[in-house]
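In: A predicted structure for the sequence below; I have some questions about it.
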Amino acid sequence: MRTASQIAALFTGPQVHRDVYTCPGIYKLEMQHLFANTWVFVGHESQTPNKGDYFTTQIGDQPVIQVRHSDGEIYVLYNRCPHKGTKIAIDREGNTGKFFRCPYHAWSFKTDGCLLAIPLKKGYENTGFEDTENAKGMTAVGAVRNYRGFVFARLAAEGIGFEDYFGDSLSSIDNMVDRSPEGRLEIAGPPLRYMHKCNWKMLVENQTDTCHPMVAHESSAGTAVNIWKEMGNPEPRPPAMEIIAPFMSPYEFFENMGIRTWPNGHGHTGVHHSIHSDYSAIPGYFEALSETHGKERAKEILGENRHNTVYFPNIMIKGPIQQLRNFIPLGPDRTLVESYIYRLVGAPDELLARTAMYNRMINAPTSMVGHDDLEMYERAQEGLMSNGMEWVNIQRLRTGEEDFTEEAVENGTTERQMRNQFDAWVKFMTATMEKA
Amino acid sequence: MAISREEVIDFIYDEARMLDEGRYSEWLALWLEDGHYWMPLDYKQTDPHLVTSLLYEDMFMLRLRVERLNGARTFSQKPKSRCHHVIQRPFIDEMDGDRIVTNTSMHYVETRLDEQFLLALTATHELRVVDGALRIANKRVDILNCDAAFGNIQLLP
């Protein structure tokens, strides 16, 4: 068992100890503290549009159900029968009607979790059953917030509020939703599900790692550029060129695109421009968006080309292409990555087609780009077991002590966002630990 | 001269063998220029465009895939993967003039280092007869557990 000060010692500022990626004890503490104290992404409201619709997922290692209750609100419940522990819902999504019914002994629950009925209930008379926690029904998580369609939950009953936790970082979700002429998104099909034999934090860090694309992805992006050249640079460019080729941009491109960090571990690449900036215009889209917002505001919305926004602890969104990646921890060295895409309601289909193309080209288990990323993570997971060195270096462009309670915009190749994440990691790991 | 059923069946077997033996230039030459290799993400998926697929690749992407496999800095292919198809006799579902559709059950094994995995799949080939030779107009590969979480699938099932 580690104390709060021992946990804090794992992050020195310029370095982080390898145990945060490899140690089963630290992982257990993350599940117990970090994923309980932070606001974690659950799902999108359009996954459960009607009363009784549910969707099953995990918050950290906790199985939960997102469900639309009869009052029209979304609830997040632990996926466990209060009787013997049986998971109430096994399929990934469905509609349960007015109540959940456990398939083992037919205990039933309203869709807000309250106990509805138990068969042969007189067997519990004079047993003191009504005073137990089991009699209350399925347990709800500590707090739930639906922000513009994105459902987040905090497992802990007490803790930081939603607005305090996310602050101005919500501007990235705003920009993604504002891109819909109707101001709302809709889930488009099932997510890619990609298994990674590495720690979940490696994936989160990679989202703002701007010094790897031109190296790790040379074999896909570089080869694409070469083939196009051999073909005589035909226009219009093959769709693959628009999506993959920008990964080959030079260091200066990434330096100049900028990185912004917000308090509590959130941050994004692509402050000034990004690899999504040069996508071709889709006929009719700007007109549709202008109709809603006026031309000036529509230009402003589309002028933001934020690349990857990390919402600490474990999701990333791409506003310009309406993608969300959920890095679900399954163990210290095992992470399930689910990559979702959304339709901009009211926008032309071509936008969604490009988004679907991006998702499969970059983030599928069959993706040439994904292959090299996973190779790097898994090599790192194995390499970190080496006793030759215990510390990982994250001090690029760190010239002194840093204050992560202030928003900052820096050179796009800084590793400040990774340090920002570890600063928040220490904060929310230790918030509910013994101080000694 | 008309193409016989036996020639169609041999073509499907030959294609699988090319992939297993890594004869990719020959394999690319089987394709018509506007063909697509589609691997759906969802069971019985009908739309390749507005929901995610595992693959929906045109000739540019397939060529890129093949060239990447041989690249000097293709890190996930150091060392290289190997694959193996075991295929059942193809059904010829349609044979109408120059257009032929086949349906073939396969077991696909891919290996690299100490890892090996098995996929059960159904390949649907849309073939055309061009200048007396069979060519691939489109190919769809449905993986039985397409909605499961996979690690890297690096070669072509």
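Out: Cool, got the structure.
In: check which helix or strand residue A:177 maps to.
Out: Per DSSP states H and E, residue A:177 falls inside helix A:170-178.
In: what lines up beside the next helix or strand after that helix in the sheet?
Out: Using DSSP H and E, the helix or strand that follows helix A:170-178 in sequence is strand A:185-187. Each strand paired with strand A:185-187, and its direction, by DSSP bridges: strand A:334-344 (antiparallel).
In: just the mean pLDDT for the strand it pairs with, thanks.
Out: Across strand A:334-344, pLDDT averages out at 98.
In: swap in stretch B:80-97?
Out: Stretch B:80-97 carries an average pLDDT of 97.
In: what's next to that stretch, contact-wise?
Out: Residues from elsewhere that reach stretch B:80-97 (Cβ atoms under 8 Å, 6 or more residues apart in numbering or on different chains): B:5, B:8-9, B:12-13, B:16-17, B:19-20, B:69, B:100-112, B:125, B:129, B:154-157. Placement of C-beta: from N, CA and C, glycine included.
In: among those, which are in reach of chain A?
Out: Filtering these for proximity to chain A by Cβ under 8 Å from any Cβ of the partner chain leaves residue B:154.
In: return the distance of the nearest residue to residue A:152 once chain neighbours are set aside relative to chain B.
Out: Leaving aside its chain neighbours, residue A:152 sits nearest to residue A:39 (4.5 Å; criterion: Cβ to Cβ, 6 or more residues apart in numbering or on different chains). From residue A:39 across to chain B, the span is 25 Å (Cβ to the nearest Cβ, to the nearest Å).
In: residue A:189 now?
Out: From residue A:189 across to chain B, the span is 3 Å (Cβ to the nearest Cβ).
In: wait, that residue sits on residue B:52?
Out: Yes. Using Cβ atoms under 8 Å, residue A:189 is in contact with residue B:52, at 5.6 Å.
In: what is the helix holding residue A:177 packed up against?
Out: On a contact count with 3 or more Cβ pairs under 8 Å, 6 or more residues apart in numbering or on different chains; DSSP states H and E, helix A:170-178 meets strand A:315-318.
In: quick one: strands adjacent to the strand it packs on?
Out: Sheet pairing for strand A:315-318, using DSSP bridges, gives strand A:309-311 (antiparallel), strand A:323-331 (antiparallel).
In: what does chain B put close to chain A?
Out: B:39, B:41-42, B:49-56, B:58, B:60-61, B:63-65, B:67-68, B:71, B:73-77, B:147-154.
In: 7 Å instead, please
Out: B:39, B:41-42, B:49-56, B:60-61, B:63-65, B:67-68, B:71, B:73-76, B:147-154 (Cβ under 7 Å from any Cβ of the partner chain).
In: out of these, which are inside strands?
Out: B:39, B:53-56 (DSSP state E).
In: would you turn those into CSV with neighbour count, pLDDT and distance to residue A:307?
Out: Putting these into CSV (neighbours: other Cβ atoms under 10 Å in any protein chain shown; pLDDT from 0 to 100; distance: Cβ to Cβ, whole Å) gives the following:
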residue, neighbour count, pLDDT, distance to residue A:307
B:39, 25, 98, 28
B:53, 25, 98, 24
B:54, 22, 98, 24
B:55, 25, 98, 25
B:56, 20, 98, 24
